[in-house]
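> pasting the structure only:
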């Protein structure tokens, strides 16, 4: 599986699904983040998924002594409230890493649904 390695620590994460299904942040995060799922800069996720299709992606977020978390999800630049195993994340995992896994389902045209989970790993 192709992995996109990223060193950014703040701002909105544009997760370009056409570039691969895993994004690995190898630098400690310094702020809560928003993740925006899209095909790429010029392609919407809605246009690459057919009705009844899904895709599963993962983000690995390194954390320092102060932990941060993904506090918002977007699809093609529009906020989408996902549902999470164990409830919506409200904090990160200090001095470890958080692995977010999202499955995005296309229910109808311009109707995508997100199911997410987060697993915390300690160093």
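Looks like it came in fine. These numbers come from a predicted model, not from an experiment.

> quick check: the gap between residue 75 and residue 112.
According to C-beta to C-beta, to the nearest Å, residue 75 and residue 112 sit 5 Å apart. From N, CA and C alone the C-beta is placed, and that goes for glycine too.

> for the two, list the residues in contact with both.
The overlap between the contact sets of residue 75 and residue 112 (C-beta atoms under 8 Å, 6 or more residues apart in numbering) consists of 45-46, 104.

> out of those residues, which sit inside strands?
residue 104 (DSSP state E).

> save the shared contacts of residue 75 and residue 112 as a markdown table, and put in neighbour count too.
As requested, the shared contacts of residue 75 and residue 112 are arranged in a markdown table below (neighbours: other C-beta atoms under 10 Å):
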| residue | neighbour count |
| --- | --- |
| 45 | 22 |
| 46 | 16 |
| 104 | 22 |
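
> ok, so of the shared contacts of residue 75 and residue 112, who is nearest residue 60?
Nearest to residue 60 among the shared contacts of residue 75 and residue 112: residue 104, at 17.8 Å, using C-beta to C-beta.
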